[in-house]
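Asker: I would like the atomic coordinates for the input below:
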Amino acid sequence: MSSNFITTKDGTRIFFKDWGPKTAQPIVFHHGWPLSSDDWNNQMLYFLEKGFRVVAFDRRGHGRSDQTDIGNDMDTYAADTAELAKALDLNNAVHVGHSTGGGVVTRYAAKAAEGRLAKAVLIGAVPPIMVASASNPDGVPMDVFDGFRKALIANRAEFFRGIPAGPFYGFNRPGAEVSQGLIDNWWRQGMNGGAKAHYDSIEGFSETDFTEDLKAIRQPVLVLHGEDDQIVPIANSAHKAIKLLPNGTLKTYPDLSHGLFATHPDLINADILAFIQA
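Answerer: Residues are numbered from 1 along each chain as shown. Alright, predicted model coming up:
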């Protein structure tokens, strides 16, 4: 194992950051699609200062991890997480996942080895299932995700400008305080990842059913969601997920967007800290 990579069973190198005292309680951060561990810099610095060991990693196909053309699905992402937890000996950890990363945390948490998981935090997370179907009639229509795939193939660079400049951070709302830095950093992270992984991940985050995973998590789970989330609508996600979690707490934020932890870090960081310390 080199200083910043682990190699998984199938030979994929996963990039990670691991800051702070190795004896402290770990907090593990899971990024959204199509980003990287850099999305968590604010949170990592904040919780590091609070005395925690903070870990974040680039999922396979994303950021600085290998741009694999296979394994860009929730089962493999969760298995990679388990391998990371074992390699770094992460016990009693709090796993925090945003959006697609919230799906990864959910699948990992449902099967986490004894002693590995203390609590979980899902932020703007995709579970239970995004796509509309006969059993999920008020979900997001499949043609939305087909549109994502089409736009990614046609001009990924332009597609990755439009998402953060518009709905992701709510910058398309009247009176929004637009941060060009957030937009540029989103684009930078996205373009660092692999197009094949990003393409495959669309199916992973939209069509994976996490219903049984949510029911299986016995540890405390905090569900945080912006009420104006235009990417992962709250009625189809957090409002349903909280009913399935045996030990869940829901907190929602009026007018906040999908990228709420980036636009309002002070607010979200404090709520996560209170949950960890409770």
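Asker: Strands along the stretch 101-250 of the chain, start to end?
Answerer: Taking DSSP state E, counting those that start in this stretch, the strands of the stretch 101-250 of the chain run over residues 117-123, 221-226, 248-253.
Asker: now for the first one, which elements pack on it?
Answerer: The criterion is 3 or more CB pairs under 8 Å, 6 or more residues apart in numbering; DSSP states H and E, and the helices and strands that strand 117-123 contacts are strand 93-98, helix 100-111, strand 221-226, helix 265-277. Quick note: C-beta positions are derived from backbone N, CA and C, even for glycine.
Asker: Equivalent analysis for the second one, please.
Answerer: When contacts are defined as 3+ CB pairs under 8 Å, 6+ apart, strand 221-226 sits against strand 117-123, helix 238-244, strand 248-253, helix 260-263, helix 265-277.
Asker: circling back to that earlier point, wait, which of the helices and strands packed on strand 117-123 is closest to residue 62?
Answerer: Residue 62 lies closest, by CB to CB, to one member of the helices and strands packed on strand 117-123: helix 100-111, at 9.7 Å.
Asker: Who are the packing partners of that closest one?
Answerer: The contact analysis (3+ CB pairs under 8 Å, 6+ apart) places helix 100-111 against strand 26-30, helix 74-87, strand 93-98, strand 117-123, helix 195-207, helix 211-216.
Asker: of all these, which lies closest to residue 142?
Answerer: helix 195-207 (8.0 Å).
Asker: What are the contacting residues of the closest one?
Answerer: Identification of contacts with helix 195-207 by CB atoms under 8 Å, 6 or more residues apart in numbering yields 33-34, 59-62, 67-69, 72-74, 77, 99-100, 103, 126, 129-131, 140, 142, 145, 148-149, 152-153, 156, 190.
Asker: could you give the mean pLDDT of that helix?
Answerer: Averaging pLDDT along helix 195-207 yields 98.
Asker: now stretch 240-249
Answerer: Over the span of stretch 240-249, the pLDDT mean works out to 98.
Asker: Take that stretch, keep the C-alpha atoms, and write them as PDB.
Answerer: Provided in PDB are the C-alpha atoms of stretch 240-249 (Å, rounded to 0.1, in the frame of the first residue of the first chain):
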ATOM      1  CA  LYS A 240     -39.300   7.800   2.100                       C
ATOM      2  CA  ALA A 241     -35.900   6.800   3.500                       C
ATOM      3  CA  ILE A 242     -36.700   8.000   7.000                       C
ATOM      4  CA  LYS A 243     -39.700   5.600   7.100                       C
ATOM      5  CA  LEU A 244     -37.500   2.600   6.300                       C
ATOM      6  CA  LEU A 245     -34.700   3.300   8.700                       C
ATOM      7  CA  PRO A 246     -35.000   1.600  12.100                       C
ATOM      8  CA  ASN A 247     -33.000   4.300  13.900                       C
ATOM      9  CA  GLY A 248     -33.200   7.400  11.700                       C
ATOM     10  CA  THR A 249     -33.400  11.100  12.300                       C
END
